[in-house]
Structure formats: C-alpha cells, structure tokens
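Peer 1: Give me coordinates for this.
(chains A and B)
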Protein chains: 2
Amino acid sequence: MPSVNASAGRKGPEKPREVTDAGEDYANERYGLSSMIQSQEKPDRVLVRIRDLTVRKADDVVWVRARVHTSRAKGKQCFLVLRQQQFNVQALVAVGDHASKQMVKFAANINKESIVDVEGVVRKVNQKVGSCTQQDVELHVQKIYVISLAEPRLPLQLDDAVRPEGDGEEEGRATVNQDTRLDNRVIDLRTSTSQAVFRLQSGICHLFRETLINKGFVEIQTPKIISAASEGGANVFTVSYFKNNAYLAQSPQLYKQMCICADFEKVFCIGPVFRAEDSNTHRHLTEFVGLDIEMAFSYHYHEVLEEIADTLVQIFKGLQERFQTEIQTVNKQFACEPFKFLEPTLRLEYCEALAMLREAGVEMGDEEDLSTPNEKLLGRLVKEKYDTDFYVLDKYPLAVRPFYTMPDPRNPKQSNSYDMFMRGEEILSGAQRIHDPQLLTERALHHGIDLEKIKAYIDSFRFGAPPHAGGGIGLERVTMLFLGLHNVRQTSMFPRDPKRLTP
Amino acid sequence: MPSVNASAGRKGPEKPREVTDAGEDYANERYGLSSMIQSQEKPDRVLVRIRDLTVRKADDVVWVRARVHTSRAKGKQCFLVLRQQQFNVQALVAVGDHASKQMVKFAANINKESIVDVEGVVRKVNQKVGSCTQQDVELHVQKIYVISLAEPRLPLQLDDAVRPEGDGEEEGRATVNQDTRLDNRVIDLRTSTSQAVFRLQSGICHLFRETLINKGFVEIQTPKIISAASEGGANVFTVSYFKNNAYLAQSPQLYKQMCICADFEKVFCIGPVFRAEDSNTHRHLTEFVGLDIEMAFSYHYHEVLEEIADTLVQIFKGLQERFQTEIQTVNKQFACEPFKFLEPTLRLEYCEALAMLREAGVEMGDEEDLSTPNEKLLGRLVKEKYDTDFYVLDKYPLAVRPFYTMPDPRNPKQSNSYDMFMRGEEILSGAQRIHDPQLLTERALHHGIDLEKIKAYIDSFRFGAPPHAGGGIGLERVTMLFLGLHNVRQTSMFPRDPKRLTP
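Peer 2: Alright, predicted model coming up:
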C-alpha cells in the first residue's frame, strides 16, 4: 500500500496544524497524501467500480479510486462527489469514530480533479441523490488518501463544459468556448459528453470492421509517405525525406486500387488522411481519419455501392443498439432528433436531385456541382419526402469528378460515381474507377494531367485489372452527423486545422 | 453481358485469320475480347468461386472469372490453369462441338495474368490434377472472353516468386530478388505466399482489437502531424505546414497518455509511426504500423505487462486456430518451426538475462543495453531452457531507457520497464510512465532535455493523473517473426526505408 506522509516536498492540502501542535488527531493514519505509486507492492486490495455501487453492496466496506468531482464542507461534515468516467457517487466524511475534525478539513481541502483512494461503507439512502448517477447509495468514508493531486486552479470547470449552450446564456452561467476546450483537451475529454462521443466513435470503427470482416474483406495498411503527389498535386503537405522531398497521402486510394489489382478483391483500411487545404469551416480538418473501402465487382458498380451503404446501415443500427446510453448522454447537452435511415438505403440519381432543387427554386446547370447550402437544402427536401437522414446520390456529372472516374457508357455527361449524405452533409465520395490503362490515359490527358507523374498509377492496371469501385468515409463527420453535433472539432480528439496544431 | 468484338483498337490476341478469310469459325461468338465493363448491365449470371469447384459440382455448367495463370497448347487442345487468389483449377479447351480450332488457338494465346470469364462444364477427373488446388475436377470450356488483358511481358513470373530460395539455386531455376518484387508489388502480392502473409497480417490486427475490446479498452485516433518533436527531436521527419514547420509523430505515446489523464483508463490505437532513421537493416522501416496500448493500473505495472503479454498470446492462439492454411502456405516457401509460447508468458528480469549471457561467455556491464546479436543469442538460450519463442524481459537499467520511464523504487539503477521478444527479436518496448509532473521534470533535466519543448507533455499531468503503463508493438515485426520470415519488407505491403519511397 502506498505509505502515507512519505510525500515530503510535494505540494498539497496541508495536514491541519492541530496535528503537529496538539498531537491529538486520533485519525492521523486514516488520511493524507500518498507517496507516488511506483509499483512498490502488489496488495490484494480490490478497487470497486463506482458503477457497481448499488443497494446490492449496502453495508459492504469497499475501496474506491476516483476523482474528486466536487467537495463541500458543512459543519462537521464534508460531502464529496467522487467520479469515475461517466459515473459518480456521493461520499460523506463526518466527524465520529473514523474521522476527526482534522480529517474532515483535509477532505474538504482536496483540490478538485485530484485522484483519491477511499475506504468507505456503502449505505442505502432514504432520499435519492439526484445529482449523482448512483442515486440509491452513498459512501461513508473511513479513510481517504490522495493518490495524485491536481493543481488548485483548473483551466475550465467540468460542470460548465457540459452545460447546454442555451441554458448558460439564459441563466447567466458560464459555458466553455471551443478554443478553451481544445487548449485543455485533457480536462475537456473527462466530461460525460466527451466520454460518450469518443466511446461511440470507437464503436463506429469497431462496427465498420466487424461488418466488413463478416463480408469477407481484408484489412490493409497503406503508406502515408508517398513519393509523388498523385492526386493532382494541390493541397498536399510536403515532407523532408532525408535529402529529398516526399508528400503525405491525401487518401489511400492508389494503394487500395493496387490491392484490388493484386487480387485481394475486397479491402478496407482505417487511417489518417492529410489535406493541406486552408479551409476554416465547421467540417474541414487538415488531418482526419478515413474509413476506406475498395472492392472488385462482377458486372455493375451498384454491387459495391450497395455493400458500402449496407455497411453504413449496419453501423447506424449497431450504434442505436449498443450505444444508447452514450447517445442520450450527448443529447442532454446537444439536443437532437434520432438519426433516421431506410433499408434498403434510398438511392437518388443526380438528375432527380436537380429536379427537386429546381422545384424548390434553386437555379442550377445540369453539369454543376452541389454547393454546401444546396446539399443541406437537398437533405431537408429528401427528409421531408422520404423521411431519411441517410441517402446515396448517384450518377454525378462526369465534369465535376476526378479523372479516374468511370464515365457512364450510356450518357457521356454522366459518370458511375456517387456521394453519400448524413443529415444533408457529405460523408463519402466514391465511384467506379477506370481499370483500363488506355482509357485512364485518355481521361488524364483530357484533364491536363502530366502523365509522367501518374505513370506508376497507370502502370498498375497493365497486367490485368478487375472492374472495381470504392469510396472513403470521414470518421469525424459520421460521428458528428450521427450525433447531430455542429463542428467536426467536437468529434476529433486532437483536431488539426490551418490554425491548430496543439495539443 | 459485355459484348464481344466491341474492343476495336485495344491490343490483344488477334482472332486467327481463318475467321475472316473463310468465315468458317462455328465458335465465333463463343470467345473473344470483351468490351470494357462499365456497368452497362446487371445480368443474373452467377460467377462461381474456384475454391467451390469440387466433385459436388460435377457436370454443372458454371461461369468463372479468373486469371490465366498458365496456358499450354497441345494439338487440338489447350490446357489453362485458372487462378483466383490462392486457388486454381485446370481448364481444357478442346476442338469439338463447343470449340473450334480458332477458339483453341485464341485461348492458347491469351497473355498470362489476363482476367477471363469462362463458361464450362465441371468434370470429375480420373487422375488427380497435382499442380492445382482443385485436384478432383477440371473445367471443360465452352466459352471464353477476355475481361482485362495483361501486357505480354510480365516483369516477374509468379512461379519464380514462390519458389523456395534454396530450390532455385540448386536446380538452376530463377527466384525473384527483393527489389524486383517490391518494384512490381502489384504482381508480387498475387502469389499464394503474399496472399497468405497479408491475410494473416489482417488477422493480427483483428485479433489485437477483438482481444482488447473484450477487455474493455477503447480505440482512440491520435494525430500524426505534431507541433514539436516531443520525443527528443532526433530521427523526426519535418513537414511544411502552411507557413510553419511541423513534424510527423514518432509514436502516439503522448496522446495515449493524455487519454489516460482524460479518464479513458484503457486505450489502444493502430496507426502509422514515422522514424527518420537512416537504418538499412532487415528490421527497420521509416514508416511502420504501431499497435499501441496504454492503461491505468491500480498498484503495480505488472497488471499492464500481463494484459499486454496476454493480448499477444491471444493473437498467437488465434492465428494458429484460424490461419493454419495461411501459415502452411508461407511455410512451403519459407520453412520454419511452429511458433511456441507459454501460458502464462515467461517473464525474466534483466539481471537474470545478463547472468545467462555471461554464462554463455558474453561480457557485459550491468547497465549496458542489449546489442542485436546479444538479443538473438539470448533468444536461443531462452528457447533452449524454457522452450518458448516469446518472453518478456523486465526491469531494464534506468540508464538505457527514455526520461519518462518510472525508476524502480527499490533499486535506483533499475526501471519499471520491459521489452517483449519473438524468436529473439524485440517486438515491443514499454514501461510504467512517470505520472508525477515534479519527478518528470527532474528526470527530463537529468537527461538534458529542454523543458520548454516538453511543457505541454508535463502539463498533461498537473490536474490529477493515474499511475499507468503501456507499450507499442510493431505490426510488421510480429508478422515477420511469427511466420519466421527474415525481412520486414516481406510483411509490409508497400515498405518505406531510406532508399525506397515507391510504389
């Protein structure tokens, strides 16, 4: 057990003077600053989880390690709220057999967010503790040691950080702005909202892989440092690579396609994607996490489109089944309608979308790309008409898609390409890719691309290439839009944008 | 169905002259170059998998899409080997009711590695086809269309690429050297050996996550572009970030630790790790995939060490249970003893290892790090004594570990740190980390580190930090050593080293 009083020289709540002056503190060994845990011992003591503190444990003596969320002294008593992730319990230190008045004072002076080891008796309460997740019990403290002491001034208050924004303004109480949150991310991530957001995000990755592995996909690892800016050359970060320059991959697409040409047939990968775009919007990051899919098909790229859409549907269903607590926790701070989707997924063609927009008064050319406001408007129109927050927009004009997009054989102005949308915002872009080196060359020339720079890319298709299609999903956007949040920085643990590189 | 003869202008095996001269080819519609698959149609035709071609399908008429692995004309017949990933089947085109002599000639002239659609009857054979995985049947071809034509000259032959190295030398037959393989990775990855290696690697990632998610870990995503070279500054790649410089993360360690300080308790991540090290060895890459773990513990870092070791054991067991075919496929080319491990995992202390090495004649100081040859020797000694290819070496000298390593409270020259080894090579390095900002500052100063550069790192621990430990595993090394391969480039799809940035 970490010894008490071995913490000479470390700042903390001083043991009250009475201890040394009068030597009369009968609880002297029952509280204090622990020495640093350096793996001195392997005690048998079991630490109980706060979420397990229920009436079933009534009258048990338990040890708990938790953060001091709040403390409030009141005469001869001190009430603490002890927190462990999203769970918390009320603890009471009261002068009596176990605690002296010095011990109560010590407990009341422990800085918020410090980590403590507490021994206490679980007691059933008569009146529910409304402010805690464990409402039916409280902990009557017999011993309390500080394991890791927080500094006295926190850069932000957790209670402020979970307050719904509207509430703060109305009641004249503080909320926390985004930069303060991000500058102090270690604390901001401790809130119940952040814990829920990132547990759910971990769930998205898990469901994505689980679904694809069940469908027979193979996970691949693709390099992030590349020798040439293969996708056009704009918006690419340069890396000093020994005596030369290299670049950061803007997507794993070339490598996914090489794996298809290498007969892996169905591949996926999860990894960072880099975009040197000077965009300071709610939905752009310079580094984000791509969930990428590429798949050979037999006859029609809709085979792939349907696999991708179904994968997203499996993710939505899995989240609603397994992460209901997290969804509700986030909703408390950021209210939002439940996410709706259809099975099978709604697929609209671009020309149908154009007709809907035109009927709503938008003027757009047949070969014009969708602006962000028009995407959002379309999302609302689709929601009204089809009652879904998720749909696929198929058959984009060839003119607005990259050179490697397969043209539609029946309409030279259209292409075999698609985007997918959640709550009116794009989360995936994909297409059938050209697998014929001759057509690929023609299309590259048409786009004015220097063939020398994409030689390796084109050469990949020279030794037999199956028809294939794929797409890339932005993880942070899916998390944001599923939860109805409004900024992608809320769903990136350590976001990167043109102005932010820390922490 | 893709139409035949619509491929004017594309190079390929010419239809024999007789067709046009005499007009007598009764099989004219039964073969040829298909037009490019552009998703023209959604036919009902089902493509059968080669691995499903067994006697249970005897006399069925099936369609198969596959690569032409080899073709061999013999009088009025042509024998093809059709390949799909690691499976292959013999196909026969013979002059008769379905095939004309022109059709046989066409089939015999299809370039190797081209992709074809074949309609044929599955026929039971009297004598097993020893050269194919489907030994009990062959396919009697009725129609054959080229879907994607390979160029006539392959940069490497697949049969050469899977030949055991010894065999090639002894028999005077070609093997393929590593640079040729890597320069033409799209073809090299098609071999049965490569298919098996990377399917097994996908399995390692899957088992790693499956085990940790069952243990209650949360997956996190950490940024790769960072503002300061936090881990010392050497061996770091510089990135141009708009008007400033940034760096590529050498590990996710700081971010893993921040997640621990943010109460996620148990986290893991899989992602690229960058090292600007000019090392041209069999086991160094400048970009590799890290499987990283970080975990808060109650009293002793062995709680974490045991979780990590058990995770690796679960991976080894899962591979031996689920990937036996892949292991055997790789063994055919690269013979190797099965991987052995103990449960629970063997843990040796550094001083014990030193004693074993000294007994074997090695002269080493108490605080000296292990050289690569000594690591390998120690691996052999441990294998002899304990019959395991996997073990943990614990309690490294403090002097050879990074500044953030927790010193051993009982012996100031030792530390709470460990490496893990497979077949005598290091695959993981880990430790209890210092979670106290004051001690961390002291140790950084002792190492001569500029405190200003690691301020954000130290500040992460100022608001209450639980004791924690972790480690990082190199995915390519685990794959290499589990399979008994000899170069990490064999287990990286697109390896990066100081001399290689392509493909």
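Peer 1: which one's the longest strand in chain A?
Peer 2: With secondary structure taken from DSSP state E, chain A has its longest strand at strand A:61-74.
Peer 1: Just checking: what are the partner strands of the helix or strand that it is followed by?
Peer 2: Downstream of strand A:61-74, the next assigned helix or strand under DSSP states H and E is strand A:77-84. Partners of strand A:77-84 in the sheet, by DSSP bridges, are strand A:61-74 (antiparallel), strand A:87-94 (antiparallel).
Peer 1: Which parts of the stretch 101-250 of chain A are helices?
Peer 2: Using DSSP state H, counting those that start in this stretch, the helices assigned to the stretch 101-250 of chain A run over residues A:101-108, A:158-161, A:165-171, A:178-183, A:185-188, A:192-214.
Peer 1: ranking the ones you listed by mean pLDDT, which is last?
Peer 2: Mean pLDDT is lowest for helix A:165-171 among the helices of the stretch 101-250 of chain A, at a mean of 68.
Peer 1: before we move on, back to that, check the strands paired with strand A:77-84 for me and report the most buried one.
Peer 2: Mean neighbour count (mean count of other CB atoms under 10 Å in any protein chain shown) peaks for strand A:87-94 among those, with a mean of 23. To be clear about C-beta, it is placed using only N, CA and C from the backbone, and glycine gets the same treatment.
Peer 1: what sits up against it?
Peer 2: Strand A:87-94 is contacted by residues A:49-51, A:53, A:64, A:66, A:69, A:76-82, A:99, A:103-104, A:107-108, A:118, A:120, A:129, A:131-134, A:137-141, A:144 when judged by CB atoms under 8 Å, 6 or more residues apart in numbering or on different chains.
Peer 1: how does it look with 7 Å?
Peer 2: Contacts to strand A:87-94, defined as CB atoms under 7 Å, 6 or more residues apart in numbering or on different chains, come from residues A:50-51, A:53, A:69, A:76-82, A:99, A:103-104, A:107, A:118, A:120, A:129, A:132-134, A:137-141, A:144.
Peer 1: hang on, the earlier thing: pipe the helices of the stretch 101-250 of chain A into JSON lines and attach distance to residue B:493 and mean neighbour count per row.
Peer 2: Below are these laid out as JSON lines (distance: least, CB to CB, whole Å; neighbours: other CB atoms under 10 Å in any protein chain shown):
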{"stretch": "helix A:101-108", "distance to residue B:493": "57", "mean neighbour count": "22"}
{"stretch": "helix A:158-161", "distance to residue B:493": "42", "mean neighbour count": "18"}
{"stretch": "helix A:165-171", "distance to residue B:493": "46", "mean neighbour count": "11"}
{"stretch": "helix A:178-183", "distance to residue B:493": "35", "mean neighbour count": "16"}
{"stretch": "helix A:185-188", "distance to residue B:493": "33", "mean neighbour count": "24"}
{"stretch": "helix A:192-214", "distance to residue B:493": "18", "mean neighbour count": "22"}
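Peer 1: Among the ones you listed, which comes closest to residue B:34?
Peer 2: helix A:192-214 (29.3 Å; CB to CB).
Peer 1: re earlier: save the helices of the stretch 101-250 of chain A as a markdown table, and put in distance to chain B too.
Peer 2: Listed next are those as a markdown table, based on distance: least, CB to the nearest CB, whole Å:
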| stretch | distance to chain B |
| --- | --- |
| helix A:101-108 | 16 |
| helix A:158-161 | 11 |
| helix A:165-171 | 22 |
| helix A:178-183 | 10 |
| helix A:185-188 | 5 |
| helix A:192-214 | 4 |
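Peer 1: re the thing from before, give me the buried subset of the contacts of strand A:87-94.
Peer 2: A:50, A:53, A:69, A:77-82, A:99, A:103-104, A:107, A:118, A:120, A:129, A:132-134, A:137-141, A:144 (16 or more other CB atoms under 10 Å in any protein chain shown).
Peer 1: so which strand or helix has the spatially closest residue to residue A:390 that is not a sequence neighbour?
Peer 2: Distances taken as CB to CB, 6 or more residues apart in numbering or on different chains place residue A:341 nearest to residue A:390, at 4.2 Å, with adjacent residues excluded. Using DSSP H and E, residue A:341 is not contained in any helix or strand.
Peer 1: separation between the one residue in the stretch 201-350 of chain A that gets nearest to chain B and residue A:465?
Peer 2: For the stretch 201-350 of chain A and chain B, the shortest gap (CB to the nearest CB) falls at residue A:262, measuring 3.5 Å. Look at residue A:262 and residue A:465: by CB to CB, to the nearest Å, they are 10 Å apart.
Peer 1: quick revisit: quick one: the strands paired with strand A:77-84 as a markdown table, columns for mean pLDDT too.
Peer 2: A markdown table is the format used below for the strands paired with strand A:77-84 (pLDDT from 0 to 100):
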| stretch | mean pLDDT |
| --- | --- |
| strand A:61-74 | 96 |
| strand A:87-94 | 97 |
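Peer 1: Export the ones you listed as TSV, with columns for distance to residue A:469.
Peer 2: Formatted as TSV, these follow (distance: least, CB to CB, whole Å):
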stretch	distance to residue A:469
strand A:61-74	49
strand A:87-94	45
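Peer 1: Among those strands, single out whichever gets nearest to residue B:176.
Peer 2: Closest of the strands paired with strand A:77-84 to residue B:176 is strand A:61-74, at 57.3 Å (criterion: CB to CB).
Peer 1: now that closest one, how far from the centre of its chain.
Peer 2: With CA atoms, centre = their mean, to the nearest Å as the basis, strand A:61-74 stands 29 Å off its chain's centre.
Peer 1: which residues touch that strand?
Peer 2: So strand A:61-74 is in contact with A:45-48, A:50, A:78-84, A:88, A:104, A:107-108, A:110, A:112-122, A:139, A:147, B:298, B:464, going by CB under 7 Å, 6+ apart.
Peer 1: just stretch A:431-451 next, same as before
Peer 2: Here stretch A:431-451 makes contact (CB under 7 Å, 6+ apart) with A:257, A:301, A:401, A:403-406, A:415-418, A:454, A:458, A:461-462, A:465-469, B:10, B:36, B:39, B:148.
Peer 1: Show me just the buried residues among these.
Peer 2: By neighbour count, with 16+ other CB under 10 Å, the contacts of stretch A:431-451 hold A:257, A:301, A:401, A:403-406, A:415-418, A:454, A:458, A:461-462, A:465-469, B:36, B:39, B:148 as buried.
Peer 1: can you list the residues of the stretch 201-350 of chain A near chain B?
Peer 2: Contact residues, the stretch 201-350 of chain A versus chain B (CB under 7 Å from any CB of the partner chain): A:202, A:205-206, A:213, A:218-225, A:227, A:237-242, A:246, A:248, A:255, A:258, A:261-263, A:271-272, A:278, A:287, A:289, A:298-302.
Peer 1: Among those, which are located in strands?
Peer 2: Checked against DSSP E, those include these in strands: A:218-219, A:225, A:238-241, A:246, A:248, A:271-272, A:287, A:289.
Peer 1: Tally up the residues packed near the closest residue to residue A:482 other than its chain neighbours, please.
Peer 2: Distances taken as CB to CB, 6+ apart put residue A:339 closest to residue A:482, at 5.4 Å, once the chain neighbours are dropped. By other CB atoms under 10 Å in any protein chain shown, 18 other residues sit near residue A:339.
Peer 1: show me what contacts residue A:339?
Peer 2: Residue A:339 neighbours (CB under 7 Å, 6+ apart): A:316, A:389, A:482.
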